[in-house]
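Colleague: I'd like to go over a predicted model; first the sequence, then the structure.
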Amino acid sequence: MNAYRDGNLISRLFDNVIILSDDCSVIYGGSGINEFLNTSGLPLNKISSFEIEMNGEHFPFNDFLSDTILNKSSAVFSFTGLDKPFVLFHSASGDKDTAVLGFDEEVDHIIRIEHKLEDSVKEIQCLYNVTKELQFTHDLTEAFERCVDHIRRGFSYPDETVVSLQVKDKLYGEKHSSEPDIRSILLQEIILNGKRYGEISVSLQNDKWFLKEEINLLKEIAGKISTALEKDEKQKNLEKQQKILLAKNEVLLRLTEDCNRNRQKLRTFFSAITDKIIVVDNGFNITLSNKEDMGDTGKCYEKMFGLNERCAECPAAEVFETGVNVSKERDESDKNYNLTAYPILGPDGEIDRVLEVCRDITTQKKMEAQLLQSYKLASLGKLVAGVAHEINNPNTFILGNLKIVEESFRDLMPILDEYYQKNLELKIARLNYNIFKENIPVLVHDMINGANRTKKIVSDLRNFAKKDEGLLTDDVDLNDIITNNLTLPAKHIKKHADLELDLGNGVPVFKGSINKLEQVLMNLIMNASEAIGAAEGKIIISTSFDAQKEEIVLSVSDNGCGIADSDKKNIFDPFYTTKRNSGGTGLGLSISYGIVKEHGGSIEVESKPGKGTKFTVRFPSSKSKETA
């Protein structure tokens, strides 16, 4: 292939040679050499008359040609008058002797390429034979003996080449008879696992040099011997390991049986724990759990919370990072969880897994919130009583005076109108009379409305703060309270929603305050109506008796706008409202919460934005109180 890349070797050869018979007739003439001779004044058809010069002497070309064919020889010469050297050599074509004439440099180039190809073929054959011996001969000792001969035959002068192969302490091939000149010896180390394992040495018994290709060949062979030795060593190690593994296999079988028994015990222990317990690796894959619905595979965040990616504040991730126990609380789908993660160390002392305990603390959180709410209301009640009194006194004075001012303006307006007819440039309080007459009554009316609203807020504060002066001694029929108190909010409700009653049968009567429970009912109904707004919706009021818990249950639900998660935890706080712009004071639910707790009950809310809200109020029956 190299010859073709040099410029199409065959075409180049035939362009620059002439084939002649022994009578000097031209059998073939290449275009290149023919053109050169013609240009030089030596036409090819007169070649028999040419004269040559060789070693300072002149000869007829015809005689020189005959001697070359007869003696089957070759010689370099030049035609008289030309400096360019030519070569003439004997060649046989079938049973006829001929001679080939060509440029000396071109023929020499072809010969060098031919020798190079022959050497390459020998090297490839050598490499093939060595590879074959190493791959298919089971006994490496036998293979190394044969490889020495293959290596020797792969060099340019095999009869004058001495090859020896040393593998560890054993020598293959011939020993060098005498210490040769450094230029005529070639050494190549055999490296195995980064260490010297042996060497190949090749020496020439003459003054010739090694070819560059032969040096590369020896490196290649050394690499293949290293590979064969490594493979043989691995095979021996493998056989040794197989024997060890067979011996250990019986021990492992016994240990596996023990491990399975212990694992079953651990599984039984885990399953008995109500909290979810999982073990995860550093990829957050579950490797062990105590619940069948979770299993021992899959991502922890998928199985526990139904998420597609790792939790934002993952306690397991923090344990992998810090190496200490981590405890966090997490809210997910109206549930509260306490997540505690513990590191599990591997044999190397590094954390390779994490044990995580997930406890549902929703009920505990609700109880804590209700307790905190009770503390807030108790503290706030003391403050509100004093504040309401201080606000009510000046507000009563303002409201009473504003009504006098309003009557005064009504009496003054006819007098001012008559005066204005005579004095059209009349101004009052720097306002033109027309503007004054139009706006002042509105301002006074707005002030009266504001004072009345302040009066209502003070009244709500007093109701919120005052203690019940009597006992909860009324016989409360919850269904009667509902049916008797729908007249007031009915008109307001019908603007936006349909009202549906689902009053349970057999709801027992319990002791309480009818007036206070009416206030709770009104607050819940009005809140539901306002949540629906302008959209058409439905409000459902239902009652029932939970015989198992001995509780009377009241629920008020709507399909309105719902409550945002961020607002849900604050709705029972005094003065917290999302309807400040529409007149909300933030006291309705706070007061309702206090009344329900006063009756020993509980109030809970379930809500999803855009889907609606449900308030559930539970009161203990009189029977359960007596039992307690």
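Modeller: It's in. Note that the structure is predicted; figures quoted are calculated from it, not measured.
Colleague: work out the gap between the one helix or strand residue 221 maps to and the centre of the chain.
Modeller: Applying DSSP states H and E as the criterion places residue 221 in helix 212-271. Here helix 212-271 shows a centroid-to-chain-centroid distance of 33 Å under the convention Cα atoms, centre = their mean, to the nearest Å.
Colleague: what's the next secondary structure element after it?
Modeller: Going down the chain from helix 212-271, the next helix or strand is strand 276-281, by DSSP H and E.
Colleague: what's next to that following strand, contact-wise?
Modeller: 270, 286-291, 294, 300, 303-304, 316, 344, 352-359 (Cβ atoms under 8 Å, 6 or more residues apart in numbering). Where C-beta positions appear, they are placed from N, C-alpha and C, glycine not excepted.
Colleague: follow-up on the earlier one: so what angle separates the directions of the helix holding residue 221 and strand 276-281?
Modeller: Per axes from the mean of the first three to the mean of the last three Cα atoms, to 10 degrees, the angle that helix 212-271 makes with strand 276-281 is 170 degrees.
Colleague: and helix 212-271, what does it pack onto?
Modeller: helix 104-136, helix 140-153, strand 161-167, strand 185-192, strand 195-204 (3 or more Cβ pairs under 8 Å, 6 or more residues apart in numbering; DSSP states H and E).
Colleague: can I assume residue 98 sits in a helix?
Modeller: No. Under the criterion used here (DSSP: H, G, I helix; E, B strand; the rest coil), residue 98 is strand, not part of a helix.
Colleague: quickly list what it is bridged to.
Modeller: Beta-bridge pairing for residue 98 (DSSP bridges): residue 91.
Colleague: how about residue 355?
Modeller: On the basis of DSSP bridges, residue 355 takes part in beta bridges with residue 279, residue 342.
Colleague: show me how this protein divides into domains.
Modeller: As given by automatic domain parsing, the domain ranges for the chain are 2-112, 137-237, 274-360, 365-465, 474-627.
Colleague: CSV for these, including distance to residue 264 and mean neighbour count?
Modeller: Below are these laid out as CSV (distance: least, Cβ to Cβ, whole Å; neighbours: other Cβ atoms under 10 Å):
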stretch, distance to residue 264, mean neighbour count
domain 2-112, 73, 15
domain 137-237, 38, 16
domain 274-360, 13, 15
domain 365-465, 36, 14
domain 474-627, 36, 17
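Colleague: dump the helices and strands packed on helix 212-271 to TSV, plus mean pLDDT.
Modeller: Output for these, formatted as TSV (pLDDT from 0 to 100):
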stretch	mean pLDDT
helix 104-136	79
helix 140-153	85
strand 161-167	86
strand 185-192	84
strand 195-204	86
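Colleague: between the ones you listed, which one is closest to residue 97.
Modeller: With respect to residue 97, and counting by Cβ to Cβ, the nearest of those is helix 104-136 at 18.4 Å.
Colleague: tell me how far that closest one is from the chain's mean position?
Modeller: Distance, centroid of helix 104-136 to centroid of chain: 55 Å (Cα atoms, centre = their mean).
Colleague: tilt between it and helix 140-153?
Modeller: 180 degrees.
Colleague: mind listing what's buried in helix 104-136?
Modeller: 106-107, 109-110, 119, 122-123, 126-127, 129-131, 133-134 (16 or more other Cβ atoms under 10 Å).
Colleague: closest one of those residues to residue 448?
Modeller: residue 131 (111.6 Å).
Colleague: contact partners for the closest residue to that closest one other than its chain neighbours?
Modeller: Once flanking residues are discounted, residue 131 sits nearest to residue 224: 5.9 Å by Cβ to Cβ, 6 or more residues apart in numbering. Going by Cβ under 8 Å, 6+ apart, residue 224 touches 127, 130-131, 134.
Colleague: with distance to residue 538 added, can I get these in CSV?
Modeller: CSV is the format used below for these (distance: Cβ to Cβ, whole Å):
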residue, distance to residue 538
127, 91
130, 93
131, 88
134, 89
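Colleague: list the contacts for the residue sitting nearest the centre point of the chain?
Modeller: With distances taken as Cα atoms, centre = their mean, residue 309 lies nearest the centre of the chain, 9.1 Å away. Neighbour list for residue 309: residue 301 [criterion: Cβ under 8 Å, 6+ apart].
Colleague: got the phi and psi for it?
Modeller: phi -150, psi 170 (degrees, to the nearest 10).
Colleague: begin at 276 from here
Modeller: New numbering, starting at 276: the last item is residue 584.
Colleague: state the distance from it to residue 873.
Modeller: 46 Å (Cβ to Cβ, to the nearest Å).
Colleague: same question, residue 779
Modeller: 24 Å.
Colleague: likewise residue 501?
Modeller: Relative to residue 873, and taking Cβ to Cβ, residue 501 is found at 93 Å.
Colleague: go on, residue 610?
Modeller: 29 Å.
Colleague: tell me the confidence at residue 739?
Modeller: Looking at residue 739, its pLDDT stands at 56.
Colleague: redo the domains of the chain as CSV? Include distance to residue 536.
Modeller: Output for the domains of the chain, formatted as CSV (distance: least, Cβ to Cβ, whole Å):
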stretch, distance to residue 536
domain 277-387, 73
domain 412-512, 35
domain 549-635, 16
domain 640-740, 40
domain 749-902, 41
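Colleague: weakest of these by average pLDDT?
Modeller: domain 640-740 (a mean of 77).
Colleague: what's near enough to touch residue 543?
Modeller: Counting by Cβ under 8 Å, 6+ apart, residue 543 has no contacts.
Colleague: before we move on, what SS does residue 678 have?
Modeller: Residue 678 - assigned by three-state DSSP - is helix.
Colleague: burial measure for residue 531, as a count.
Modeller: Neighbour count for residue 531, taken as other Cβ atoms under 10 Å: 10.
Colleague: next: the one 5 residues further on.
Modeller: The burial count assigned to residue 536 is 10, neighbours taken as other Cβ under 10 Å.
Colleague: where exactly do the strands run in the stretch 576-725 of the chain?
Modeller: With strands called from DSSP state E, counting those that start in this stretch, the stretch 576-725 of the chain shows them at 601-607, 610-620, 626-635, 702-703, 706-707.
Colleague: packing partners for the third one?
Modeller: Meaning strand 626-635. Going by 3+ Cβ pairs under 8 Å, 6+ apart, strand 626-635 lies up against strand 551-556, helix 590-597, strand 610-620.
Colleague: packing partners for the next helix or strand along the chain from the first one?
Modeller: Stepping forward along the backbone from strand 551-556, the first helix or strand reached (DSSP H and E) is strand 561-564. Packing contacts for strand 561-564, counted by 3+ Cβ pairs under 8 Å, 6+ apart, involve strand 551-556, helix 575-580.
Colleague: off-centre distance for the first one?
Modeller: Strand 551-556 has its average C-alpha position 21 Å from the chain's average C-alpha position, going by Cα atoms, centre = their mean.
Colleague: what's the angle between that strand and helix 590-597?
Modeller: 40 degrees.
Colleague: in PDB, list the C-alpha atoms belonging to strand 551-556.
Modeller: C-alpha atoms of strand 551-556 as PDB (Å, rounded to 0.1, in the frame of the first residue of the first chain):
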ATOM      1  CA  LYS A 551     -43.100   3.700  59.200                       C
ATOM      2  CA  ILE A 552     -39.400   2.600  59.300                       C
ATOM      3  CA  ILE A 553     -37.200   2.500  56.200                       C
ATOM      4  CA  VAL A 554     -33.600   2.000  55.400                       C
ATOM      5  CA  VAL A 555     -32.200   3.900  52.400                       C
ATOM      6  CA  ASP A 556     -28.900   4.000  50.500                       C
END
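Colleague: many thanks, we can stop here.
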